[in-house]
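In: what would the 3D arrangement of this be:
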Amino acid sequence: METCRSCNASVHDVGTLAHTIKAIAPAPPRSCRDALADSYDRVGEVWVAFSDSGLRMLHRGGSFEEFRALHAERTGRTLKSATLSDKLRKQVVAATSGEGVDKPQVDWRADATPLERAVLETLTRIPRGEVRTYEWVARQVGRPRATRAVGSICAKNSVPFVVPCHRVVPSTGGVGQYAFGSAVKRDLLRREGVDVDALDSLAKQRVRYIGSRTTKIVCFPTCKDARRIREDNRVPFHAAGEALEKGFRPCLRCKPFAA
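Out: Predicted coordinates:
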């Protein structure tokens with residue numbers, strides 16, 4: 001390059017052309033820029049991205065720069081400051097305080113795959129105060145062998161708290177991991193009414209289901225119906241086959257396994 005005048009001239013010509021193209025390129029109208037942007041606000045320590053259709057992304061803690069970078073990475077969109085509506089603000093507060101949200105108003109990602117959409121919508125149907133397994137979610141969406149995929153989708157959930165991925169636990173028992181740490185997950189579940197210590201105890205005993213000696217119905221331990229079983233009528237099970245062999249049938253409410 002230093003000795004070839006022709007090469008130097010070519011490089012200069014390319015640089016001039018690039019500069020000229022940039023100079024004549026029109027700036028996109030504001031309406032187009034806004035179409036590629038989400039609004040954002042902050043509720044306590046939670047950053048919130050949203051649109052006219054609902055919540056787009058929640059992130060707990062950190063700086064705005066961190067939130068903006070994560071949002072851009074996940075959505076490819078920019079952010080503009082705005083005031084969150086009272087309805088959406090109440091949903092964020094209710095979700096983070098342990099009250100839960102019955103009908104989350106979420107603007108689902110347009111590029112979400114059918115499996116991602118199905119998994120996230122299934123999470124919203126897990127009752128407050130109860131947990132389900134990744135295996136259960138996979139069965140609910142018609143992909144019983146997609147347990148790992150379900151776990152990955154839960155880990156990448158853009159609207160945590162409101163879309164309660166914290167209510168999904170390992171099939172082996174216990175609480176499991178969480179994007180904001182297992183301590184936060186345990187605290188959220190406790191606020192929602194889950195006996196986390198009891199789940200830990202059952203996990204150590206490898207107990208996955210609880211049956212009723214009187215009704216012959218078996219449930220997930222946190223199921224509303226399971227919590228009503230008297231202590232002397234509680235029958236622990238380590239596997240679905242064990243319960244079925246003893247004449248128990250799965251609860252129609254929590255659907256712990258297929259009959």
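
In: would you map the helices across this structure?
Out: In the chain, the helices defined using DSSP state H lie at 5-24, 30-35, 64-75, 86-97, 114-123, 134-140, 147-155, 182-192, 196-204, 240-245.

In: average model confidence for the first one?
Out: Along helix 5-24, the predicted local confidence has a mean pLDDT of 47.

In: stretch 174-185 now?
Out: In the prediction, stretch 174-185 has an average pLDDT of 91.

In: please parse this protein into its domains.
Out: As recorded under automatic domain parsing, the domains making up the chain are 31-97, 207-259.

In: middle-most residue in this protein, spatially?
Out: Centroid check for the chain by C-alpha atoms, centre = their mean gives Asn157 as the closest residue, at 3.3 Å.

In: so it makes contact with Leu120?
Out: Yes - applying C-beta atoms under 8 Å, one finds Asn157 in contact with Leu120, separated by 6.5 Å. Glycine gets a C-beta too; all of them are placed from N, C-alpha and C.

In: got any residues that touch both of the two?
Out: Common contacts of Asn157 and Leu120, defined by C-beta atoms under 8 Å, 6 or more residues apart in numbering, comprise Val163.

In: tell me what Val48 is bridged to.
Out: On the basis of DSSP bridges, Val48 is bridged to Asp41, Leu58.

In: report pLDDT for it.
Out: Reported pLDDT for Val48: 98.

In: number of nearby residues for it?
Out: A count of nearby residues for Val48, using other C-beta atoms under 10 Å, gives 24.

In: residue contacts, it?
Out: Contacts of Val48 (C-beta under 8 Å, 6+ apart): Tyr40, Asp41, Arg42, Leu55, Met57, Leu58, Leu84, Leu88, Val92.

In: that one and Leu188, how far apart?
Out: Applying C-beta to C-beta, to the nearest Å, the value for Val48 to Leu188 is 17 Å.

In: low-confidence ranges in the protein?
Out: Per-residue confidence for the chain (pLDDT under 70) gives these ranges: 1-35.
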